[in-house]
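Peer 1: I'll drop the sequence and a predicted model, then ask my questions.
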Amino acid sequence: MRPLHLVPQNTNIDWLRWRHWATLVSVLMVTAAIALLVIRGLNFGIDFVGGQNIRVTFAQPVQIEDVRNRIDQLGYGESTIQQFGSPREIAIRMPVPGDDAGATARAVAQVREIVEKNYPGSRIGSVEAVSGKVSGELFQKGALALGLAMIAIAVYIWFRFEWQFGLGALLALAQDIIVTLGFFALTQLEFNLNTIAALLTILGYSLNDKIVIFDRVRENLRKYRKMEIVPLLNLSINETLARTVMTSLTLILSLAALVALGPDVIFGFSLAMLLGIVIGTWSSFFVGNGILIQFKVGPGSFKSDEEKAQEIKAKPGAVSFKDMP
């Protein structure tokens, strides 16, 4: 039986023919994401802002505004009420009444009393509480983890390849993260520690994809000394296309299944991963390679001094300083 090839072995697609349009799309996506982050901001979960999150299942659909008014009457501050899953399930997020565990327990008991009294047949599900001090530390450490990961990635690629490759990878990874954050600002999905884990995972996948392509680019730069950079980049992408398609398609199918059928607790994680895989593949093709073109990287860019001296000697009529009288 003949093996199945999702990508024909002699694939020759001129990917970088669309690099100018791809650059425009990337700029628009990043600009829109930054605007959404500034205007709407992220819907931080209790992991980062502190508070308690109570999930309630009602016997029938309820008006969220009605529930919010009743919870705010307790005097703990403004609450956030969001639908969670089906129309009969909501999440009540409210400030933590101090760091006292007893005060938190009393607040939960009061919420339970209001819910059971005004909405017969309802039941309280999970209850989570995080103090403001702990949430601030979690946010700082999460942001620090993302920043250090991107710096370490840029330094690694710089030493592994050249600084042009490191800059291209860093800009491509920055696009992946910014666009994903912009999506969370647009949808107002809860941004919590699971989302940070998803962003770090996206960085790892996207980096691996870019290193595979960059490694083939470097090999082809040594192999095809007279080939122009754009055809060489297209060749490198096509030579690694089967691996990219197999890896990305496998992840996309599994993540799509988790988004559609998985539990609600990992919905944000799965959706962030799914978007990140798609954007990461896009940036591997166009953003990172586009930077190499902008910096005019070519077969002669990384030649050693000895190679350059040998080429000068090999030219007809070349005269070395030693031969001069």
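Peer 2: Yep, that arrived.

Peer 1: what's the burial count for the closest residue to residue 11 other than its chain neighbours?
Peer 2: Spatial nearest neighbour of residue 11, excluding adjacent residues (C-beta to C-beta, 6 or more residues apart in numbering): residue 238 at 4.9 Å. To be clear about C-beta, it is placed using only N, CA and C from the backbone, and glycine gets the same treatment. A count of nearby residues for residue 238, using other C-beta atoms under 10 Å, gives 19.

Peer 1: who's in contact with residue 238?
Peer 2: 11-13, 15 (C-beta atoms under 8 Å, 6 or more residues apart in numbering).

Peer 1: quick one, helices of the stretch 201-325 of the chain?
Peer 2: Assigned by DSSP state H, counting those that start in this stretch, the stretch 201-325 of the chain shows helices spanning 229-239, 241-261, 267-285, 287-294, 305-314.

Peer 1: which other residues reach the third one?
Peer 2: Where contact means C-beta under 8 Å, 6+ apart, the residues beyond helix 267-285 that reach it are 15, 22, 26, 29, 172-173, 175-176, 179-180, 183-184, 189-192, 194-195, 197-199, 201-202, 205-206, 209-210, 213, 237, 244, 248, 251-252, 255-256, 258-259, 262.

Peer 1: gap between the residue nearest to residue 11 and residue 140?
Peer 2: 43 Å (C-beta to C-beta, to the nearest Å).

Peer 1: circling back: which of the contacts of residue 238 are buried, as a PyMOL select command?
Peer 2: This is how PyMOL selects the buried members of the contacts of residue 238, with burial counted by 16 or more other C-beta atoms under 10 Å:
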select buried, resi 15
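
Peer 1: identify each buried residue in the stretch of helix or strand residue 181 belongs to, please.
Peer 2: Following DSSP states H and E, one finds residue 181 within helix 163-187. Across helix 163-187, burial judged by 16+ other C-beta under 10 Å covers 164-173, 175-185.

Peer 1: okay, now the sheet partners of whatever helix or strand comes next after that helix, with direction.
Peer 2: The helix or strand immediately downstream of helix 163-187 is strand 190-191, counting by DSSP H and E. Within its sheet, strand 190-191 is paired with strand 43-44 (parallel), according to DSSP bridges.

Peer 1: now do the next helix or strand after the partner strand, average pLDDT.
Peer 2: The helix or strand immediately downstream of strand 43-44 is helix 46-49, counting by DSSP H and E. Across helix 46-49, the average pLDDT comes to 72.
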